[in-house]
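Trainee: The following comprises the amino acid sequence and a computationally predicted model.
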Amino acid sequence: MTDSRPVSPLATPPEEVAGHNLLAGKKAIVTAAAGTGIGFATARRILLEGGDVLVSDFHERRLGETVEKLSAEFPNQQVVSFVCDVSSTEQVNELFASAASQLGRIDVVVNNAGLGGETPVVDMTDEQWDRVVDITLNSTFRATRAALAYFRDAPHGGIIVNNASVLGWRAQRGQAHYAAAKAGVMALTRCSAVEAADYGVRINAVAPSIAKHPFLAKVTSDDLLDELASREAYGRAAEVWEIAATIAMLASDYTTYLTGEIVSISSQRA
């Protein structure tokens, strides 16, 4: 049976919006920023909005390529890096010390690191569950803790933006570990935001549905990606820059009274 729904005028992705200096003078950290996904797009959007950025990832070669690419496009802004395995508390703490040293200060932290997979619960091993939860949820906790320790002692406030997922609300086969971890990111965002207010820090999260980038195509079947995209109101996946632009908005002074919120970048939450 063919889909008889009309094609939305929004089915064609728009051209990327130009920067408007929303983050001029801000110094930001973006984790899991190597490659072609949301992390890279977010680092690039921070630069488009006038900020400087430290990009972090565990993959040293790809991280170096990311720095080269961003530095070539934004030669007058600061682009530095730090190789970090977010499953290590020691390395996460070193990441923040390095960022403060290289950038001079930290204003924005984007916790983008996450790990997915597709395994039914009945077949899922402890190791599969533990790894997805550790990289996706525990790493966000480690970085949030390190960020708040920095901001507590800094003479200025800051902003943390976490990358959650609509799977924190939705049910999808084979995604129990990832969905549970992302729901945990949402809860961590809400609870830590209440405490972070003591230090002048706002914490929010984005919850994308499906964003189109080459890495996703490597770990997910084309048929599933097409099916998921067809369920969205526009009948398409988001472009990674659309996710990054929302993250930039949350990191900007346009959202100064917004904290503990999860912004769904999707046509619907559930």
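Mentor: Sure, I can see it. Numbering: from 1, shown residues only.
Trainee: Average pLDDT for stretch 11-30, rounded please.
Mentor: Averaging pLDDT along stretch 11-30 gives 96.
Trainee: Can you tell me the SS state at the closest residue to residue 59 other than its chain neighbours?
Mentor: The shortest distance from residue 59 to any non-neighbouring residue, by CB to CB, 6 or more residues apart in numbering, is to residue 34 (5.3 Å). From N, CA and C alone the C-beta is placed, and that goes for glycine too. For residue 34, the assignment made with DSSP: H, G, I helix; E, B strand; the rest coil gives coil.
Trainee: List the residues that contact residue 34.
Mentor: 40, 55, 57, 59, 62, 63, 65, 66 (CB atoms under 8 Å, 6 or more residues apart in numbering).
Trainee: Mind checking which of those land in strands?
Mentor: 55, 57 (DSSP state E).
Trainee: Would you mind checking the contacts of residue 34 for buried ones?
Mentor: In terms of neighbour count (16 or more other CB atoms under 10 Å), the buried residues within the contacts of residue 34 are 40, 55, 57, 63, 66.
Trainee: now those as TSV including distance to residue 260 and pLDDT?
Mentor: Below are the buried ones among the contacts of residue 34 laid out as TSV (distance: CB to CB, whole Å; pLDDT from 0 to 100):
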residue	distance to residue 260	pLDDT
40	27	98
55	27	98
57	28	98
63	31	98
66	31	98
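Trainee: And stretch 256-266, what's buried?
Mentor: Neighbour-count burial for stretch 256-266 flags 259, 260, 261, 262, 263, 264, 265, 266 (criterion: 16+ other CB under 10 Å).
Trainee: any chance of those in TSV, plus distance to residue 199 and pLDDT?
Mentor: Output for the buried residues of stretch 256-266, formatted as TSV (distance: CB to CB, whole Å; pLDDT from 0 to 100):
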residue	distance to residue 199	pLDDT
259	12	98
260	14	98
261	18	98
262	21	97
263	22	96
264	27	93
265	27	91
266	31	78
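Trainee: And the helices in this structure?
Mentor: Remark: helices assigned in the chain by DSSP state H are 38-48, 60-73, 89-103, 126-133, 139-153, 176-196, 214-219, 222-231, 240-250.
Trainee: List the contacts of the third one.
Mentor: When contacts are taken as CB under 8 Å, 6+ apart, the neighbours of helix 89-103 outside the stretch itself are 27, 29, 31, 52, 54, 56, 78, 80, 82, 84-86, 106, 139, 142-143, 146-147, 149-150.
Trainee: Mind doing that once more with 7 Å?
Mentor: The set of residues external to helix 89-103 that reach it, using CB atoms under 7 Å, 6 or more residues apart in numbering, is 27, 29, 52, 54, 56, 78, 80, 82, 84-86, 106, 142-143, 146-147, 150.
Trainee: So for that helix, what gets flagged as buried?
Mentor: For helix 89-103, a neighbour-count test (16+ other CB under 10 Å) marks 91, 92, 93, 95, 96, 98, 99, 100, 103 as buried.
Trainee: And the last one, how far from residue 146?
Mentor: What it means is residue 103. Distance from residue 103 to residue 146, counting by CB to CB, to the nearest Å: 15 Å.
Trainee: Would you mark the buried spots in stretch 156-173?
Mentor: Using 16+ other CB under 10 Å as the burial criterion, the residues of stretch 156-173 that qualify are 158-170.
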